[in-house]
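J.: Dropping the sequence and predicted coords here.
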2 protein chains.
Amino acid sequence: MVVPQQEVDRRVALYAQALREGGLRSTHQRMEVAREIAMSDTHPDVEAIYRAVRQRVPTISLDTVYRTVGTLERMGLVERVPICSGATRYDANLEHHHHFVCTGCGIIRDLAGAAFEELEITEAAAGFGRVGQITVQVRGLCNECCGQEQHQEEQHREEPS
Amino acid sequence: MVVPQQEVDRRVALYAQALREGGLRSTHQRMEVAREIAMSDTHPDVEAIYRAVRQRVPTISLDTVYRTVGTLERMGLVERVPICSGATRYDANLEHHHHFVCTGCGIIRDLAGAAFEELEITEAAAGFGRVGQITVQVRGLCNECCGQEQHQEEQHREEPS
DNA sequence: GTTACTGCAAACTTTTTGCACGACA
DNA sequence: TGTCGTGCAAAAAGTTTGCAGTAAC
């Protein structure tokens, strides 16, 4: 939740405009779901968006959230995060960037990505087809999980099995 | 299915050995599932593995395939492919490599990946935690889908709506 | 006033789990 | 022969869809 308020407002205004231009209605529910994704930098899944939005719109249903993220995705206003499995997670950051994925807790952080062109890879890919976007996924253990791991090791030394 | 027979045999032998060393039994079903993943370079999902193995072991059940790929994954013998959504897909190629993902048909091809070190990204990631593997995902339209797109455009010119 | 959108419920897909029988070591 | 693995079935998790009432334009 550290996306600057100004950026959140900019994104929400963009969503409203895009919906209007697409001949769709900018309903209360749609705008709250859109705002929730725009506010978050933790790449929430549909369930997390649902829980958060329900604080403000208690009557919203899970399928409306599904339909709304589907609509936003189809309009190119949010993107899916390419991860291994589990629930689909969404990203409102449309600037070209990369991801740090924690293999422990699954948290995904954005890596502000400069344009990336590893020629060797791009050339190899060109053999398979027309190259679009190139994203880098860095897998590793986040600082929190590293801390927990050390903690457990210390406990292990104190009471060995 | 263009993995060289020699490489397939090497992988299957490795799986059998790893199972034995892990105190697990190398059953008929497990070996056939393992062989199927080893043979394929199209990153099959569980359903595809099931269909293929059933040709040879008609009595195998889908949940055995799930359990087997789970076992192989836990032992580090196969890996999940990091994609956006849909069914989980598996990869027997443990060499460090990258992926070309077609946004049209979803086919995933391996990019024989030289060691990749984009310092800028690695440094940014180091702030989030301990960096493990770095993979690049190239999204684009594969040659087949490019061809179909052109074909459709030509038809459009012939009979415009 | 239309028409699209929402909420409910039910279906569908993918994956996991409990249990009894069968097969591996 | 003992124990692990398999097949069956049912359940769980994630997602989609049909329908009738509701709200946006």
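T.: That came through, no problem.

J.: neighbours around A:Val12, how many?
T.: Applying other CB atoms under 10 Å in any protein chain shown, we find 19 residues neighbouring A:Val12. Every C-beta, even on glycine, is put in place using the N, C-alpha and C of the backbone.

J.: and it, what are its phi and psi?
T.: phi -60, psi -40 (degrees, to the nearest 10).

J.: Same question for A:Leu14.
T.: Dihedral angles (degrees, to the nearest 10) for A:Leu14: phi -60, psi -40.

J.: State the pLDDT value of A:Glu158.
T.: You'll see A:Glu158 listed with a pLDDT of 60.

J.: show me what contacts A:Ser85?
T.: Contact analysis of A:Ser85 by CB atoms under 8 Å, 6 or more residues apart in numbering or on different chains lists B:Arg80, B:Thr88.

J.: Need the phi and psi values for it.
T.: The phi/psi pair for A:Ser85 (degrees, to the nearest 10) is phi -170, psi -170.

J.: any idea how far B:Cys84 is from the closest residue to A:Thr71 other than its chain neighbours?
T.: Nearest non-adjacent residue to A:Thr71, counting by CB to CB, 6 or more residues apart in numbering or on different chains: A:Leu24, 6.9 Å away. For A:Leu24, the distance to B:Cys84 (CB to CB, to the nearest Å) stands at 23 Å.

J.: who's more crowded, the two?
T.: Neighbour totals were compared for A:Leu24 and B:Cys84, and B:Cys84 leads with 16 against 12 (other CB under 10 Å).

J.: Just give the nearest non-adjacent residue to that one, would you?
T.: A:Arg80 (4.5 Å).

J.: what number of residues lie near that neighbour?
T.: For A:Arg80, using other CB under 10 Å, the count is 15.

J.: Would you agree it is in contact with A:Thr88?
T.: Yes: A:Arg80 is within contact range of A:Thr88, at 5.7 Å (criterion: CB atoms under 8 Å).

J.: Common neighbours of the two, please.
T.: B:Cys84, B:Ser85.

J.: Look at stretch A:17-27 and report the distance between its end residues.
T.: 12 Å (CA to CA, to the nearest Å).

J.: repeat for stretch A:50-61
T.: First-to-last distance for stretch A:50-61 - CA to CA - comes to 8 Å.

J.: so the residue nearest to A:Thr71 sits in a strand?
T.: No: counting by DSSP: H, G, I helix; E, B strand; the rest coil, A:Leu24 is not part of a strand but coil.

J.: and it, how far is that from DNA strand C?
T.: From A:Leu24 across to DNA strand C, the span is 4 Å (CB to the nearest atom of the strand, to the nearest Å).

J.: Tell me which stretches of chain A form helices.
T.: A:5-21, A:28-39, A:46-56, A:62-74, A:119-126, A:143-158 (DSSP state H).

J.: before we move on, the earlier item: now for the residue nearest to B:Cys84: which residues touch it?
T.: A:Glu73, A:Thr88, A:Arg89, A:Tyr90, A:Asp91, B:Cys84, B:Ser85.

J.: Can you report how many residues lie near the residue of chain A at minimum distance from DNA strand C?
T.: Here the residue of chain A nearest DNA strand C is A:Thr64; by CB to the nearest atom of the strand that distance is 3.2 Å. Per other CB under 10 Å, the neighbour tally for A:Thr64 reads 18.

J.: ditto for A:Glu21
T.: 9.

J.: Let me know the pLDDT of it.
T.: pLDDT at A:Glu21 comes out at 92.

J.: how far away is it from A:Tyr15?
T.: A:Glu21 is 11 Å from A:Tyr15, by CB to CB.

J.: And A:Ile49, by the same measure?
T.: Look at A:Ile49 and A:Tyr15: by CB to CB, they are 14 Å apart.

J.: low-confidence ranges in chain A?
T.: A:1, A:113-119, A:153-161 (pLDDT under 70).
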